[in-house]
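**Q** predicted model and sequence below, questions to follow.
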Amino acid sequence: MCPDSILIKNGYILTLNPQRHIIQDGAIHIEGNKIVDIGKTESLKRHKAETIIDATNKIVMPGLIDTHMHLAQALIRGCADDVSLVDWLKKYVWVLQGNFTKEDGKVSAELCMAEMIRTGTTSFIECMIHTRYGFDGIAKSLERVGMRGALSKIVMDSTGYADSSEIMYPGMVEDAEACLAEVEQMYPRWHGKANGRIQVWYGLRSLGGVTPELFREVAHLTREKKTKMTMHLGEVVDDVRFVKDNYGTNLTGFARQNNLLGPEMIFAHGIHFEDAELKILAETRSNICHCPASNTKLASGFAKIPQMLELGVPVSLGCDGGPSNNTYDMIREMRLAALIHKPIAKDPLVVSAEDVIEMATLGGAVAMGTDDKVGSLEVGKLADIILIDMHELGLTPAVNPVSSLVYSGSGQSVDTVIVDGKALMSDKQLLTLDVESIMTKARSHIVDLLERSEVDIHPKWPVL
Ligand SMILES: [Zn+2]
């Protein structure tokens, strides 16, 4: 018997293989970090395994991949609800994040990773790490916790946001040279480390926060290092005005001028592209991360996801952050993604349950550049697998488990999480993080942070 072998049996397996096979009463045999066999439970009986997981009444599927999220925002969950975007940034989010200590950064990252594992996320793209959050501490946590993650260091050289200049909170401002120097330091230390689970990326600030020269430099460095870059683009309509007024072009025209189009780029949100630009995104294989909860909560608008899928734009899914979502639950995100486009298109057939599951698995793997390793359950791929318990009132009966998962499910039904062949959660119990201690620390850190930042949060109703 191979040590570190796991046999998952009696499950309802969504393989996400090229034929999208579903295996009823299916089994998966894992040796080390790889899937070595998959098929009917009956035919995998010959395998002896160190650990046997009974997946009766459970969906077995690839781990979910969140391609746009902020680790630092778990700690400030619920700190900017029902406010305008400018207030959201200027009065709350930037002020709080601009007062973070490295210890806050670590507590928030671990709180966030615990929630992601609890709700079935195995890989993530953290889009913007400020030096004050402590890159090294976050990377060490990621290594120890066992998830797969891309950590993007913020790069910026201006203090604007879209067409508002000099708007950024002082504590959030960073120096371009220092940003680039930190990547030079962190890249050799962490990229490809932890058995390839950790990647180091460039996290470009939004329009108004980066000059064209710096955009071009980062585009060059990204390709030189064979890594990736990400930025918020077209989240607000002001982005469109900004590129028109300053560069006389549209969003993709601006991106092309600065070498930002291509499979190395993940544009988060991507709401305000004109119809004609979608073809350019498809042709250049530029990734769009759809963030439906954040976009509805902040009234940013609706990304043209049905058209993007039709044209073959690489689309993935992201939870964004604690003040904009306010969860890191990808199953709830899938539900919203499958719901919100139907009334806009006046067509219940657009963005199906299958579409959103593809976005949250294979689409995420394409965005992260890990689609040859994860995103589907196939022999030879890495064992990033989740089990979802369907034996629950809100999921019964699950006549079509695929649509039940999307339309009735939530991350709270996730039962088991395996990354790189190692269990990070079993029977809904996290194995690499102490949840009680993390929650206690988070409660005390947010009290200190609010006080230090002089930000006051309270319900609109009188509290007695
Ligand atoms: Zn974001």
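**A** In hand now; what should we look at?

**Q** ok, residues contacting the longest helix seen in the chain?
**A** Across the chain, the helix with the greatest residue count (assigned by DSSP state H) is helix 435-453. Defining contact as Cβ atoms under 8 Å, 6 or more residues apart in numbering, one finds that helix 435-453 is touched by 74-76, 79, 95-96, 98-100, 103-104, 107-108, 110-111, 114, 118, 456-457. Placement of C-beta: from N, CA and C, glycine included.

**Q** just the ones of those in strands?
**A** In strands, judged by DSSP state E, none of the contacts of helix 435-453 are found.

**Q** quick one: low-confidence parts of the stretch 251-400 of the chain?
**A** Filtered on pLDDT under 70, the stretch 251-400 of the chain yields no residues whatsoever.

**Q** in three-state terms, label L16 for me.
**A** Recorded secondary structure, L16: coil (DSSP: H, G, I helix; E, B strand; the rest coil).

**Q** for it, grab phi and psi.
**A** With angles defined as degrees, to the nearest 10, L16 sits at phi 60, psi 20.

**Q** show me how this protein divides into domains.
**A** Under the assignment automatic domain parsing, the domains of the chain span 5-62+381-430, 64-368.

**Q** what residues of the longest helix of the chain count as buried?
**A** Of all the residues in helix 435-453, those buried under the rule 16 or more other Cβ atoms under 10 Å are 438, 441-442, 445-446, 449-450, 453.

**Q** and what of stretch 395-412?
**A** Neighbour counts over stretch 395-412 (16+ other Cβ under 10 Å) mark 395, 398, 401-406, 408-412 as buried.

**Q** measure how far it is from the centre of its chain, please.
**A** 22 Å (Cα atoms, centre = their mean, to the nearest Å).

**Q** could you do stretch 252-268 as well?
**A** Here stretch 252-268 is found 19 Å from its chain centre; the criterion is Cα atoms, centre = their mean.

**Q** mind listing the strands for the stretch 301-450 of the chain?
**A** For the stretch 301-450 of the chain, the strands defined by DSSP state E, counting those that start in this stretch occupy 315-317, 385-389, 414-419, 422-426, 429-430.

**Q** for S43, find the nearest of the ones you listed.
**A** Closest to S43 of these, according to Cβ to Cβ: strand 385-389, at 18.6 Å.

**Q** what residues does the closest one touch?
**A** 8, 11, 28, 30, 35, 53, 55, 57-64, 120, 122, 331, 377, 405, 409, 413-418.

**Q** in helices, which of these appear?
**A** Applying DSSP H to those, the entries found in helices are 331, 405.

**Q** quick one: closest of the domains of the chain to W461.
**A** Among those, domain 64-368 sits nearest to W461 (Cβ to Cβ), with 12.6 Å.

**Q** the closest one: how far from the chain's middle?
**A** Distance, stretch centre to chain centre, for domain 64-368: 8 Å (Cα atoms, centre = their mean).

**Q** for that domain, measure first residue to last.
**A** Length of domain 64-368, first residue to last, Cα to Cα, to the nearest Å: 12 Å.

**Q** cool, stretch 186-195 as well?
**A** Using Cα to Cα, the end-to-end distance of stretch 186-195 comes out at 16 Å.

**Q** mind listing what's buried along it?
**A** 186-187, 190-191, 194.

**Q** what's the answer for stretch 124-139, then?
**A** Quick answer for stretch 124-139 (16+ other Cβ under 10 Å): 124-135, 137-139.

**Q** ok, back up a step: buried subset of the contacts of strand 385-389, written for PyMOL?
**A** Selection of buried members from the contacts of strand 385-389 for PyMOL, criterion 16+ other Cβ under 10 Å:
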select buried, resi 8+11+28+30+35+53+55+57+58+59+60+61+62+63+64+120+122+331+377+405+409+413+414+415+416+417+418
